[in-house]
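**Q** Return a 3D structure for these sequence lines:
(chains A, B, C and D)
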4 protein chains.
Amino acid sequence: MDTFSPLPSNPVLTLEPNQVMNQYLQVRQMSEQLCEPLELEDYMLQTSAEASPTKWHLAHVSWFFETFVLNEFKPNYRVFHPRYRYLFNSYYEQVSGGIYPRPQRGLLSRPTVAEVFRYRAWVDEHMQALFMQAPQENWNEIVRRVLIGLNHEQQHQELLLTDIKYNLGFNPLRPAYREQSPVNDESPGVPLQWIYFPGGVQDIGVAHSDNFAYDNESPRHSVFLQPFQLASRLVTNAEYLEFMQAGGYENSALWLADGWKIRGEQQWQAPLYWERQDDEWWVYSLNGFHRLNLREPVCHISYYEADAFASWAGQRLPTEAEWEIAAQAQPVLGHLRETGLLHPLPASAEPGLQQLFGDVWEWTQSAYQPYPGYQAASGALGEYNGKFMCNQQVLRGGSCVTPVDHLRVTYRNFFYPHERWQFKGIRLAQNGV
Amino acid sequence: MDTFSPLPSNPVLTLEPNQVMNQYLQVRQMSEQLCEPLELEDYMLQTSAEASPTKWHLAHVSWFFETFVLNEFKPNYRVFHPRYRYLFNSYYEQVSGGIYPRPQRGLLSRPTVAEVFRYRAWVDEHMQALFMQAPQENWNEIVRRVLIGLNHEQQHQELLLTDIKYNLGFNPLRPAYREQSPVNDESPGVPLQWIYFPGGVQDIGVAHSDNFAYDNESPRHSVFLQPFQLASRLVTNAEYLEFMQAGGYENSALWLADGWKIRGEQQWQAPLYWERQDDEWWVYSLNGFHRLNLREPVCHISYYEADAFASWAGQRLPTEAEWEIAAQAQPVLGHLRETGLLHPLPASAEPGLQQLFGDVWEWTQSAYQPYPGYQAASGALGEYNGKFMCNQQVLRGGSCVTPVDHLRVTYRNFFYPHERWQFKGIRLAQNGV
Amino acid sequence: MDTFSPLPSNPVLTLEPNQVMNQYLQVRQMSEQLCEPLELEDYMLQTSAEASPTKWHLAHVSWFFETFVLNEFKPNYRVFHPRYRYLFNSYYEQVSGGIYPRPQRGLLSRPTVAEVFRYRAWVDEHMQALFMQAPQENWNEIVRRVLIGLNHEQQHQELLLTDIKYNLGFNPLRPAYREQSPVNDESPGVPLQWIYFPGGVQDIGVAHSDNFAYDNESPRHSVFLQPFQLASRLVTNAEYLEFMQAGGYENSALWLADGWKIRGEQQWQAPLYWERQDDEWWVYSLNGFHRLNLREPVCHISYYEADAFASWAGQRLPTEAEWEIAAQAQPVLGHLRETGLLHPLPASAEPGLQQLFGDVWEWTQSAYQPYPGYQAASGALGEYNGKFMCNQQVLRGGSCVTPVDHLRVTYRNFFYPHERWQFKGIRLAQNGV
Amino acid sequence: MDTFSPLPSNPVLTLEPNQVMNQYLQVRQMSEQLCEPLELEDYMLQTSAEASPTKWHLAHVSWFFETFVLNEFKPNYRVFHPRYRYLFNSYYEQVSGGIYPRPQRGLLSRPTVAEVFRYRAWVDEHMQALFMQAPQENWNEIVRRVLIGLNHEQQHQELLLTDIKYNLGFNPLRPAYREQSPVNDESPGVPLQWIYFPGGVQDIGVAHSDNFAYDNESPRHSVFLQPFQLASRLVTNAEYLEFMQAGGYENSALWLADGWKIRGEQQWQAPLYWERQDDEWWVYSLNGFHRLNLREPVCHISYYEADAFASWAGQRLPTEAEWEIAAQAQPVLGHLRETGLLHPLPASAEPGLQQLFGDVWEWTQSAYQPYPGYQAASGALGEYNGKFMCNQQVLRGGSCVTPVDHLRVTYRNFFYPHERWQFKGIRLAQNGV
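**A** Residues are numbered from 1 along each chain as shown, chains lettered A, B, ... in the order given. Presented below is the predicted three-dimensional model:
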């Protein structure tokens, strides 16, 4: 994956060929299933350097298996097309042959969509043949790489949805990914509550285990935390609108310096996808163009906006350690991709921490940096996570387009503070007493 | 058309509805016929601000008829889609509703290609209905506008081919518009001869006549010319290669100041579409990727390169008046689009001026400026030609992608001096003795 | 000079050493005299790539004599400083050693101003020694080059004033070059009259003669002109204000396409140096910041604004041939630099053509192109004029900062159509009847 | 100061008027003393947006006292010039009247240098009068602000030297700030040793105390550290050269992704100020242009280069907490500005941690973020530090241009990871065993 993370630092798990093949086929089929609502023209769209074409995602994740598995471990493997090594390399400098420029991914009509699907079929066929052979001596390494490749493809499934939203939303005709009525929600808003945590020396991160995790989640290590409190739910559109109406976007005192600058340059006045029509706010989503639901969590905001909102509210954002300590006891359940909503939902009236997983990724105050003792793997796969540990902020908790079996409580997502096109929102924190 | 010209200043010709309808259908069908070799994905490509997507061309020329004919003269006409007025306006500031940004034409997957063809069918159906009615009182104005619209569409047919060449050629896979072997040409090169013209007071431009011409070709007027000589044929690839081998791209003394600057910025070292492979030059064309034919005219060069070449050769480029005086006696024949070559051909061994029409547009030394007494029409259609009379150079003679019934000896094409993506080449001139 | 012109194509005039030395000293002293009102800090200012620092002008014109005269003709001449060859080369690609980047001329504190004056004294001393020796065999070539160098320095005197106006005017404190009350002008405006010229075959340009002229003014040659009329005086601020109040800056129908684009990008709403304060227009000049005088000629406008104004007035700009034919019979008199006004003056009530020379340069409709038969000199001095013959427009008539003995009726000044920092205005023309 | 930090969170110290006045005069005089080697022209230089003119520094630090002290607490105070509020505001959005654009600070010749010194004298005079009056009721707040202002001015003294180095070094003539022979150093290099620290729960930061500290250094708080080791000395030029010779600048595997990108764009191949002449490396410093001393600490590198070097060496950079814990027991002694060296010195052969203070700022792995419980002050002075807590990295230890009485072990300096113009170098760390 390209803007996210991985590489498991954990010892390789012993999986049977059959199990691996099943997982493989499931994930691969899901990528294609997500494309079903699209017109053929939609596959080519790239309306910003960040938002890659659907066609490119489909090819790149196949390139990943071809480059890191088939080329290395399948005897006599012949690549589908010699130039794909170049065309579909995302950012792996150590893979020879160069990297096709990211901002130009939408400028290629060939290979056609049909050809890309043939490429996928070719790779799948050879991967299955490889699983059948299951060569004894490299099997562990093959499994390790396949698991990375599948998690990689799941990250791209999330990106595929995020990017298609951005790319279709760019069109003045505002076409929907799929037409669907918004959830009919008549419930009143849920009051925010503060949940207290005592802090002290605590452990976070992933220890060596039998389950897959990315390398950036380890080593498990101790941190010292002051007492803190976490908001029971996400910040809502209603609350964010209050911030806007109080002049939040015009009050420099609330903003980080870099945020104030980009706000001016890009003329931010509301979250991405909000549009004022007559006297009402509307919002564009994968389900179409609808009136803003005030009880839904605010979404598609930058770190700068999240931080400014927190300042205005007299609170702050949590650190990633605080978030993880608070979430450790919770099951990974929520409005994730499998719900099929593809849009965050209002909080329910239940007590305790809500909306921790799914709905929106939660910006944390923590810069994305290596955990103490972190060591990136060697070789091109080592580029997966480690080289991005500068200038980005950690986000936690997954969103409505994250696959449920992809997420963990230790999962560290990361983006640049100015980026808004992912499903990102706000959970407030404050110092404990 | 958007970077070219029009508006007839000549009195309206009396054409029968049947004649108009026949011309209309012929031109409209040709636009679609030119798309037949394309994959659906190719229709969306825009790899530079100048090179518009095929899909956009197909829609914009229909918009032209809808906006300037149907909306004005068809009673109760209902537009196909209300937002197309905005999406497919190229540069007509006086058409209300705004202009969708040119560099972003390739960022729209909707309307789909199929939808654009439906748009064309809708416009054609209503145009035919209008021709049937042939309302007496507006008939002359309708014919005037339809003729502009058809010439406009022919210009876009040329652009469609030029742009698809650029957009496909951008792809590292170098896909051809259609695969076709290069003309097998074993003939030796033809020696260049100088044809003498005495000059004096001469008339150029279009007088009021029964045939269509753009407004920028009139009024017909006198100019005073010194004696001059014109090269009998175009400059060949062989000759241009000599210039390159003599260090032409590194010798500032040969270049205009603005040309020297852009040469450095863009790192020009050869014409567009030339590629060095091992020790040979190859060239990309609509027919595929082939070895450079040295006897063909050099093509896809900027005005700066044409001027530097002429300086190196100790000659100069002709003025547009010289070109027109020399060409006046010649029939409009040559390797134009109807030959189906879509690539310039070597000169033949016949005596006299050759390759005047077709093959490549010929850069002239003349800045694109109004003829004395020129008056742009009022209203949005007046924007067609007049507002571009600054910073551009005139080209003459048509190219291998220009429709034959679109060209005239008085035809003035114009482009910015740095532009290379059109089929442009060099005819030398020198002062007479 | 760098953005202007020269090189005499005329045979060398026989001047005595004494005459040359006198001219030389006069021109050189004038450059330094123009700097007297400046603070030392002002010499370093460069607030745009075009507006060079005073210090740089003073050094560059000395570099010109050092490079093209002393280095070539003074035996055993030792340059003042070896790096100045690089630092003070403006645009002569053929002078070896490279060209220091133009936009960074203001980023050098060394050499100091005092050092630059020492450099001037060094060059002057050696030039005088050279004149004393007056070597027989090269004398004609030396004189030819000295005359170019002196005309070159005069062009830089004009630029020095234009640039210091721009550079000081950039400062929010609006410091004056010198404080001076505006001319107290109570006279009513003068009505515009149209002067008729019959056209026909006419001669323009410079023939070989005994007087200095730049190469771009020759050869003298015939042109054919339609009958035309020229406005008796320049367009005034009052008239330009009418254009503004009629929405001239918001009406795309009046503008050239390139002009409309830059108008939007740069947010032009008035000429350069105009400022709205409360309900009045003020204007910054070399004499300070004063209320706009409505009877003065409008000044500091681009070609695009001049052309849009003419369209709005239902007229057009003259061609350079029309201007020269009309001016041929007139003496070169007017508000030039020697009047000490340094600002254009209102027209007087005399009959006939007024304000032809001085006040403001007059934009013509003519692109700057070579006259038929023009040949640039060989070598670096050949770069003076010829390489700029693309993308620029000709201006005629001199301005209030042009030295009187520098100007001629055949003089061709040229600038890019978007440039506004020179003293440029409008004289209208129309077709004769 | 503008790119650094402040605001004391500590209770105000009771200082006598005399003491304050003495400190005030000392700091203020030092600023002027640092300018003595400059030519008047040097005061105006700004060769990048970051490197402000000396003249601007001198005025801005006076503006600080005028704006935050005199305007607030001096009865009937009249500002020196009403437009200075705008011209010399660096980044305080909450000070009304706007902020003059930072990249254009070098484009103002007025006020002149002499005028800026008069401005300083005016402010000093009124500050002294204020100290004399020593108004009882606001005295504590005045002292608090004066101390910030003095520390602010000291930060600008460091910037003044850093910026003048950058601005003079830009000049191809490579003028020295002052000519001085490099220290004659014949000692052999000192071997690097690893100093072990056990980690555990430790306290860092500033508690409320009687000494001045910036707000970003507090609150004092606990952190949990793994055992770690710190290099006994800084990385030397010799070691850095090894990295270069081993292809460090061409090996993407060593670099952070953002670093690799900027390295390519800016074509980094060595630290800033290094120049290859014939076969030797030279280096530009405030003392002139000299041969590179291999035993000196490497200096003027970005965070990306520091991190890539550490990767190549198989080590890492320290966190700021590790650095502070290691330095806590050490006196603040070293090659700071008072030594007059203005250039880092080789390590000596003494045992233990060396070069902790002075020589070069040491990049840490820690992003610049708020300490737990940090609270920025309200009002414009609250903008001093807090709003920069994103996208920057912490540096520790001061440099050869840092005033000794300005530094503390808890001092947090911060810069963007790509910035190289400050005196920044590398101390390695590794995990303890």
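**Q** Between its first and last residues, what's the separation in stretch A:314-332?
**A** With CA to CA, to the nearest Å as the measure, stretch A:314-332 spans 30 Å from end to end.
**Q** Run the chain-centre distance for that stretch.
**A** Using CA atoms, centre = their mean, to the nearest Å, we find the averaged C-alpha position of stretch A:314-332 to lie 18 Å away from the chain's own average C-alpha position.
**Q** Just the residues contacting that stretch, thanks.
**A** Contact partners of stretch A:314-332, identified using CB atoms under 8 Å, 6 or more residues apart in numbering or on different chains, comprise A:195, A:197, A:202, A:204, A:223, A:225, A:228, A:230-231, A:306-307, A:310, A:353, A:356-357, A:362-366, A:394, A:396-398, A:404, A:407-410, A:412, A:426-430. (Each C-beta comes from the backbone N, C-alpha and C, glycine too.)
**Q** what number of residues lie near the nearest residue to A:Gln365 once chain neighbours are set aside?
**A** Closest residue in space to A:Gln365, ignoring its immediate chain neighbours: A:Leu317 at 4.4 Å, by CB to CB, 6 or more residues apart in numbering or on different chains. Each residue near A:Leu317 was counted by other CB atoms under 10 Å in any protein chain shown, and the total is 23.
**Q** Tell me which of the contacts of stretch A:314-332 fall in helices.
**A** Cross-referencing the contacts of stretch A:314-332 against helices under DSSP state H gives A:Ala306, A:Asp307, A:Ala310.
**Q** just checking: which of those residues also lie near chain D?
**A** Judged by CB under 8 Å from any CB of the partner chain, the overlap between those and the neighbourhood of chain D comprises A:Asp307.
**Q** Okay, strands next: where are they in chain A?
**A** Counting by DSSP state E, residue ranges of the strands within chain A are A:194-197, A:200-204, A:221-225, A:228-231, A:274-277, A:280-285, A:288-291, A:334-335, A:357-358, A:361-367, A:393-396, A:413-415, A:424-425, A:429-431.
**Q** Could you export those strands as CSV, including mean pLDDT and distance to A:Gln180?
**A** Formatted as CSV, the entries for the strands of chain A read as follows, by pLDDT from 0 to 100; distance: least, CB to CB, whole Å:
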stretch, mean pLDDT, distance to A:Gln180
strand A:194-197, 97, 33
strand A:200-204, 97, 38
strand A:221-225, 98, 42
strand A:228-231, 98, 29
strand A:274-277, 96, 19
strand A:280-285, 97, 9
strand A:288-291, 95, 7
strand A:334-335, 96, 15
strand A:357-358, 98, 18
strand A:361-367, 98, 22
strand A:393-396, 98, 26
strand A:413-415, 98, 26
strand A:424-425, 98, 21
strand A:429-431, 97, 34
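**Q** among these, which is nearest A:Gly149?
**A** strand A:413-415 (18.7 Å; CB to CB).
**Q** Now do the closest one: distance to the chain's middle.
**A** Distance, centroid of strand A:413-415 to centroid of chain: 7 Å (CA atoms, centre = their mean).
**Q** just checking, what packs against that strand?
**A** Where contact means 3 or more CB pairs under 8 Å, 6 or more residues apart in numbering or on different chains; DSSP states H and E, strand A:413-415 is packed against strand A:393-396.
**Q** Can you pull out the residues in contact with the strand it packs on?
**A** Contacts of strand A:393-396 from elsewhere in the structure, counted by CB under 8 Å, 6+ apart, are A:303, A:320, A:323-324, A:327, A:361-368, A:411-417, A:422, A:424.
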